[in-house]
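>>> Show me how the following folds:
(chains A and B)
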Amino acid sequence: MAAAVCMLVALGAGFGMCYATSKAVEAAARQPEAASKIQTILLLGCALAESTAIYAFVVALILSTKA
Amino acid sequence: MTPVQIAEAAVGAVLFALCLAGYIHTSGQLKHADVPAPDDGAAVKRFKKKKTRKKLFFAGVIISVWFLIGFVITFFSGRKGGLVIAFEMFSKRVDVFGVSVAQTTLISLAVCGIIAVLCVLFRVLCVPRFNDRPTGLQNAVEICVEAMDKMVVGVVGEKTGAALSPYMFSLALYMIGCAAVELFGLRAPTSDLTCTFAMGLLTFLLINIFGFKTLGFGGRLKSMGGAVPAMRPMMIPLKIVSDVAVPVSLACRLFGNMLGGMIVMELLKGALGGYASGIPGVAGLYFNLFHPLIQAYIFITLSLTFIAEALEPVEESAKPKKVKKSA
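The predicted structure is shown next:
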């Protein structure tokens, strides 16, 4: 149960990545010549946004294997 | 053998026989038939129809072969599909000369050995044959090395980049090699927390080594404290805490991603049971090759960003600018 609650964090990460990606698409559409730079920044930002979900996942795993 | 199993096997065998017969028949027809003239509409249509039928029969042969293989495996091993979660948080341990060693450690050493042997072979066999006008393999290697050089130099600058680029390249090779091991049914070393933590610690060491080297001890402390001198005693402990968090976050990120991929693969294999031939291999291309590639890219980019952050000297703002009052 605790592990399941932990995975609710994935919701936040999903919203964060969605927001970042939508902004990146907007930026790339406005300035197609900067697309490669935007892509690098987007990947980095997505990795950081994703990391919260990953931490939650690790914690959930620890909880579920211990109990 | 239960009646259901007999029925399953019979259906599979009949399907296989039908599809094989159809495939042989249509391909024989196609071999003897001439390619119709393009202006003869009806003949072209018939020819195309035959070709599609041949492809359909071929797909049917493959599917029925897959089904029969799965049936035989299920029959002899007794494995059943379903929601099976069989994974271990930490890897199994084996005894090597009386010392208990994690399995993943041995696997990672093997990966290192294979990469080293390949590198030596590459140096001895391929590099002497390189010339100014690159062809084939040389092109591919040069593209990889140049891309890595460009990325590293772009983030941390010319001087540090020259030292860091080979390290980052070997790190990427190691990570991808580790993940590819999982395609052979072994556990990837990067899905073990100890391995990823060691890599995080290496990044931490690099951050501090390059930070102290370029800025000096006082300069590094200054840059940790930030621009405002009065705030430094408070800021430095905070900065130290956030610096210590860097290897932990890097390690947990890589570990979580790799373990997540492994669990998805295990779930897939468990769900398919005896029919787990072929399909996990295709899924593994994503989870064991593409995904680790992205993760290696992210690990390297983040490491470089943190190192670049430690290299930057602080901007002295001794004289705070007077804010003009707007009339």
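>>> Going by C-alpha atoms from here, please, whenever you check contacts or count neighbours.
OK.
>>> Partner strands of the helix or strand of chain B with the lowest mean pLDDT and their direction?
Across the helices and strands of chain B, mean pLDDT, DSSP states H and E gives its lowest value to strand B:93-96, namely a mean of 74. Strand B:93-96 pairs in its sheet with strand B:99-102 (antiparallel), by DSSP bridges.
>>> Residues contacting the strand it pairs with, please?
Here strand B:99-102 makes contact (Cα atoms under 8 Å, 6 or more residues apart in numbering or on different chains) with B:Ser91, B:Lys92, B:Arg93, B:Val94, B:Asp95.
>>> Nearest residue to the middle of the chain?
Went with chain A since none was named. In chain A, the centroid-proximal residue (Cα atoms, centre = their mean) is A:Glu50; its distance is 2.8 Å.
>>> hmm, I had chain B in mind actually
Most central in chain B (Cα atoms, centre = their mean) works out to B:Pro292, at 2.0 Å.
>>> Quick check: it vs B:Ser249, distance?
17 Å (Cα to Cα, to the nearest Å).
>>> What helices and strands are in contact with the strand or helix carrying the residue nearest to the centre of chain B?
For B:Pro292, the enclosing helix or strand under DSSP states H and E is helix B:291-311. With contacts defined as 3 or more Cα pairs under 8 Å, 6 or more residues apart in numbering or on different chains; DSSP states H and E, the packing partners of helix B:291-311 are helix A:35-66, helix B:137-156, helix B:158-181, helix B:193-225, helix B:232-272.
>>> Give the buried residues for the fourth one.
Pointing back at helix B:193-225 there. B:193-197, B:199-201, B:203-204, B:206-208, B:210-212, B:214-215, B:219-225 (16 or more other Cα atoms under 10 Å in any protein chain shown).
>>> Flag the shaky bits of the chain, pLDDT-wise.
No chain was given, so I picked chain A. A:66-67 (pLDDT under 70).
>>> that answer is for a different chain, and I need it for chain B
Checking chain B against pLDDT under 70 turns up B:1, B:33-34, B:36, B:78-89, B:274, B:315-327.
>>> Enumerate the residues of it near chain A.
B:Met89, B:Ser249, B:Cys252, B:Arg253, B:Gly256, B:Asn257, B:Ile298, B:Thr301, B:Leu302 (Cα under 8 Å from any Cα of the partner chain).
>>> Give me the buried subset of those residues.
B:Ser249, B:Cys252, B:Arg253, B:Gly256, B:Asn257, B:Ile298, B:Thr301, B:Leu302.
>>> farthest-separated two in those?
B:Gly256 and B:Thr301 (17.7 Å; Cα to Cα).
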